[in-house]
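Participant: sequence and predicted structure are below.
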Amino acid sequence: MKVSVIGTGYVGLVSGTCFAEAGNDVICVDNDQDKLAKLNAGKVPIYEPGLETLFERNAKDGRLRFSDDLAAAVAHAEVIFLALPTPPTEDGSADLKYVLGVANQIGTIISDYKVLVNKSTVPVGTADKVRAAVSAQTDVEFDVVSNPEFLREGFAVQDFMKPERIVIGARSDRAIEVMRRLYKPFVMSGNPILFMDERSAEVTKYAGNSFLATKISFMNEIANLCELVGADVDNVRRGIGTDTRIGKRFLFPGVGYGGSCFPKDVSALFKTSQEYNYDFKILDSVMEVNDLQKGILANKIVKEMGEDLTGKQFAVWGLAFKPNTDDIREAPALVIIEELLKRGAKVKAFDPEAMESVRAYTNLDIEYGDNMYSTLEGADALIIVTEWNEFRAPDFEKIKNSLSRPLVFDGRNIYEMGVLEQYGFTYHSIGRRSVNATETVATE
Ligand code: NAD
């Protein structure tokens, strides 16, 4: 099939590449000339495991092309995906200017039937707005479909190629047939394509992300309570996670959720509920808990080292909002580092993929290490913010010898309490209990 994808970011590039991998003829459009130059030079501008191989193969075979020519891309395709940004506005609602701007342009361009697909995460009612924006410019027949994307950064290719389910909000049989045909190769193992109305599809995306964010905030509160009552959140997590009604995932406490999706989607759903005069109390608390949780490591640091951190130096491991991505949007690390700098501290950070993003998109006055160990020399403490695999089994002796004091603040609970305590570290993590606590601690 002939497919165009407008917006070649994390979602658009992965979608376009995977559609090409399934044999479709794909044009990806972007208006960022630097990005296009990289793509046309055969370089993948984001870090996403597994993407490069598919990208190279399909670009080489001519099934995957990149351009800034929207008109040519619209003329090319039977199905046009909008994978454009929907960032939060100041009041927390989703900004539709990119989506509606492009819809408007498409209205002035289309000359035969097209299926326009909203792949961006958009508030309920956006399919109607896109339909209205296009209709305002043309009498040509077209359909609008809502097809929210559930891929996770870091696993985007595998999520796209083998989705657990595909959600399609559509009202026309013709569009439903086109979408069924396009997605058939991705559901060969029997996972469902769920057809529904557009509004339900739009709410589904927000409901999913908000539910997961709720799980995280809930566990963060349980962790905070565990610290106060002398329980260990690892035990509690295993205790409840083995209940299949609850499930094991999204139960890990930490320094709060970040990224380009959860924070903005929770706040956009909250905003939508306000617009409909619904007081969505849980979401309000989920956001408040997350804001507080981002400050939890800084609070622990201040408690241990005092309010004034002038002259103190910190090694920070992990800048990306989660492992396996270079994405730093709403990353807890940025909040923590800002707080340390505000209190007079110096920071030397390392992240396997995200240092370039921090350099490019923030003005944080920090140094960067060439590797994780080079951040440690002379630092007063090590702070772990992102649970990259390479941080999980380090040389603890080397860490201890490099730091001026054996002090670790771990925002992701990646080490065993007992191991670090044996090495002689003072080890602060989230919601866990020292093995030296007076009562016995249950083991696995
Ligand atoms: P992104 O910022 O990485 O990519 C968006 C791209 O659109 C950029 O390359 C930008 O240059 C381009 N763009 C902006 N205006 C344009 C225009 N007028 N014409 C052509 N290109 C234009 O964003 P993303 O992370 O890919 O997210 C896109 C949408 O998908 C958002 O609504 C997001 O909420 C949703 N989503 C994201 C993820 C994720 O993990 N990143 C997952 C599911 C859904």
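Facilitator: It's in.
Participant: where does this structure dip in pLDDT?
Facilitator: Low-confidence segments of the chain (pLDDT under 70): 438-444.
Participant: go with 80
Facilitator: Residues of the chain that meet the criterion pLDDT under 80 lie in 435-444.
Participant: residues from it in reach of the ligand?
Facilitator: Where proximity means CB under 6 Å from any ligand atom, the interface of the chain facing the ligand comprises 6-12, 29-32, 35, 83-86, 98, 101-102, 120-121, 149, 151, 153, 260-261. The C-beta positions use only the backbone N, C-alpha and C, and glycine is treated the same way.
Participant: for the residue of the chain at minimum distance from the ligand, which residues are in contact?
Facilitator: Residue nearest to the ligand within the chain: residue 9 (1.7 Å; CB to the nearest ligand atom). Residue 9 is in contact with 30, 46, 83, 85, counting by CB atoms under 8 Å, 6 or more residues apart in numbering.
Participant: and for the second one, the neighbour number?
Facilitator: Which is residue 46. 19 (other CB atoms under 10 Å).
Participant: for the residue most central in space within the chain, what are phi and psi?
Facilitator: In the chain, the residue lying closest to the centroid (CA atoms, centre = their mean) is residue 259, at 4.0 Å. Note on residue 259: its backbone torsions stand at phi 90, psi 180 [degrees, to the nearest 10].
Participant: what of residue 368?
Facilitator: According to degrees, to the nearest 10, residue 368 has phi -120, psi 140.
Participant: contact partners for it?
Facilitator: 348-350, 355, 359.
Participant: isn't residue 227 up against residue 431?
Facilitator: Yes: counting by CB atoms under 8 Å, residue 431 is a contact partner of residue 227 at 5.6 Å.
Participant: okay, those two: which has more neighbours?
Facilitator: Counted by other CB under 10 Å, residue 227 and residue 431 do not tie: residue 431 has more neighbours, with 24 against 18.
Participant: circling back: give me the buried subset of the contacts of residue 9.
Facilitator: Buried subset of these (neighbour count, 16 or more other CB atoms under 10 Å): 30, 46, 83, 85.
Participant: so which of the residues you listed sit within strands?
Facilitator: With DSSP state E as the criterion, strands contain none of these.
Participant: could you measure from residue 14 over to residue 279?
Facilitator: Residue 14 is 37 Å from residue 279, where distance means CB to CB, to the nearest Å.
Participant: out of the two, which sits in the busier spot?
Facilitator: Comparing residue 14 with residue 279 by other CB under 10 Å, the one with more neighbours is residue 14, at 27 against 9.
Participant: quick one, what contacts that one?
Facilitator: 48, 51, 151, 156-157, 160.
Participant: run the chain-centre distance for the helix or strand containing it.
Facilitator: Per DSSP states H and E: residue 14 is located in helix 10-21. Distance, stretch centre to chain centre, for helix 10-21: 17 Å (CA atoms, centre = their mean, to the nearest Å).
Participant: can you select the buried ones from the contacts of residue 368 in ChimeraX?
Facilitator: This is the ChimeraX syntax for the buried subset of those, where burial follows 16+ other CB under 10 Å:
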select :348,349,350,355
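Participant: so which of the contacts of residue 368 sit within helices?
Facilitator: When the contacts of residue 368 are checked against helices (DSSP state H), the matches are 355, 359.
Participant: could you dump the contacts of residue 368 to CSV with distance to residue 185?
Facilitator: Shown next, in CSV, are the contacts of residue 368 (distance: CB to CB, whole Å):
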residue, distance to residue 185
348, 47
349, 42
350, 40
355, 37
359, 39
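Participant: farthest pair within the contacts of residue 368?
Facilitator: Greatest spacing in the contacts of residue 368, by CB to CB: 348 and 359 (13.7 Å).
Participant: in what helix or strand does residue 144 lie?
Facilitator: With DSSP H and E as criterion, residue 144 is part of strand 142-146.
Participant: next: residue 209.
Facilitator: helix 198-229.
Participant: do you have the helices of the stretch 151-300 of the chain handy? List them.
Facilitator: Under the criterion DSSP state H, counting those that start in this stretch, helices of the stretch 151-300 of the chain are mapped to 156-161, 173-183, 198-229, 233-241, 262-275, 281-294, 296-305.
Participant: backbone dihedrals for the residue nearest to residue 330 when sequence neighbours are not counted, please?
Facilitator: Take residue 330 and drop its neighbours on the chain: the residue closest to it by CB to CB, 6 or more residues apart in numbering is residue 258, 4.1 Å away. Main-chain torsions, residue 258, degrees, to the nearest 10: phi -140, psi -150.
Participant: so what's the residue nearest to the centre of the chain up against?
Facilitator: 153, 321-322, 327, 329-331.
Participant: is it possible to get CSV of these that adds neighbour count, secondary structure and distance to residue 380?
Facilitator: Converted to CSV, the contacts of residue 259 look like this (neighbours: other CB atoms under 10 Å; DSSP: H, G, I helix; E, B strand; the rest coil; distance: CB to CB, whole Å):
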residue, neighbour count, secondary structure, distance to residue 380
153, 25, coil, 32
321, 27, coil, 25
322, 20, coil, 26
327, 24, coil, 29
329, 19, coil, 29
330, 20, coil, 27
331, 29, coil, 23
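Participant: adding distance to residue 396, write those residues out as CSV.
Facilitator: Listed next are those as CSV, based on distance: CB to CB, whole Å:
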residue, distance to residue 396
153, 30
321, 26
322, 24
327, 29
329, 32
330, 31
331, 26
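Participant: just give the nearest non-adjacent residue to residue 285, would you?
Facilitator: That would be residue 217: by CB to CB, 6+ apart, it lies 7.2 Å from residue 285.
Participant: got the contact list for that neighbour?
Facilitator: 257, 285-286, 289-290, 293 are the contacts of residue 217 under CB under 8 Å, 6+ apart.
Participant: go on, residue 341?
Facilitator: Contacts of residue 341 by CB under 8 Å, 6+ apart are 347, 364-366.
Participant: among these, name the ones in helices.
Facilitator: Per DSSP H, those never map to helices.
Participant: which of these has the largest number of neighbours?
Facilitator: In terms of neighbours by other CB under 10 Å, those top out with residue 347 at 23 neighbours.
Participant: hang on, isn't that residue packed against residue 337?
Facilitator: Yes: with contact defined as CB under 8 Å, residue 347 reaches residue 337; the gap is 5.4 Å.
Participant: what sits in contact with each of these two?
Facilitator: 316, 364, 366.
Participant: quick one on the thing from earlier: distance of the residue nearest to the centre of the chain from residue 216?
Facilitator: Distance from residue 259 to residue 216, by CB to CB: 11 Å.
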